[in-house]
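fold the following for me, if possible:
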Amino acid sequence: MPTLVIDSPVGALLLCSDGQAITRISWLDDTVSRAKDDPNSICRPDSICQLAATELRAYFAGNLQDFSVPVSLNGSPLQRGVWDAMVKIPFGAVLTYGDVAHALSAGAQAVGTACGQNPVPIIVPCHRIVGAGGKLTGFSGGNGVETKAFLLDLESGQGRLI
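Numbering: from 1, shown residues only. Purely as a prediction, here's the structure:
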């Protein structure tokens, strides 16, 4: 499987591709991220991983709002509905778990579970779904809610050091 590790302001990210689309983005700890310097390590990038890396770097630099790299998302109908809803949330905007739940005729907890199971965070922007009243809850990547806050601040132009 083609992979690439990149550094980002929210930690080292492992990008995985099936050769046609990004299938997973995962946060790595410092020990694993150092493996990217070893040519015999887990990193075997392809053009899809390279495109995702380029777009993520542009996103973190404040120069990209919409990703074009293809993604492949496999999940239940509810998960796919939630992930599709995430992609439609505009850059810099948020919806609540309840908003998405209402639109999909599902429960807010089920929406939260689907958010936590998002295989391609950042590109499929689960960070744009927040709790009632805008409360920052539930983020499974990086440093949790702190990472979610960083991504939302980045998109709102406020910036944050983590």
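
what sits against the closest residue to Leu104 other than its chain neighbours?
Excluding the flanking residues, the one nearest Leu104 by Cβ to Cβ, 6 or more residues apart in numbering is Gly81, at 4.9 Å. Where C-beta positions appear, they are placed from N, C-alpha and C, glycine not excepted. The neighbours of Gly81, taking Cβ atoms under 8 Å, 6 or more residues apart in numbering as the test, are 104, 106, 114.

what comes up buried for stretch 104-112?
Residues of stretch 104-112 classed as buried: 104, 106, 108, 110-112 (neighbour count, 16 or more other Cβ atoms under 10 Å).

next secondary structure after the least confident helix or strand in the chain by mean pLDDT?
Least confident helix or strand, the chain: helix 30-33 with a mean of 48, by mean pLDDT, DSSP states H and E. Sequence order places helix 47-60 as the next helix or strand after helix 30-33, per DSSP states H and E.

and that next one, what other elements does it pack with?
With contacts taken as 3 or more Cβ pairs under 8 Å, 6 or more residues apart in numbering; DSSP states H and E, helix 47-60 sits against strand 3-6, strand 12-17, strand 22-28.

mind putting the buried residues of stretch 104-112 into CSV with distance to Pro90, pLDDT and secondary structure?
CSV is the format used below for those (distance: Cβ to Cβ, whole Å; pLDDT from 0 to 100; DSSP: H, G, I helix; E, B strand; the rest coil):
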residue, distance to Pro90, pLDDT, secondary structure
Leu104, 18, 95, helix
Ala106, 22, 94, coil
Ala108, 21, 92, helix
Ala110, 23, 94, helix
Val111, 18, 94, helix
Gly112, 21, 93, helix
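
hmm, which two among these are most spread apart?
Leu104 and Gly112 (12.4 Å; Cβ to Cβ).

ok, now which ones touch Met115?
One thing to correct before we go on: residue 115 is Cys, not Met. 82, 86, 97, 126, 129, 138.
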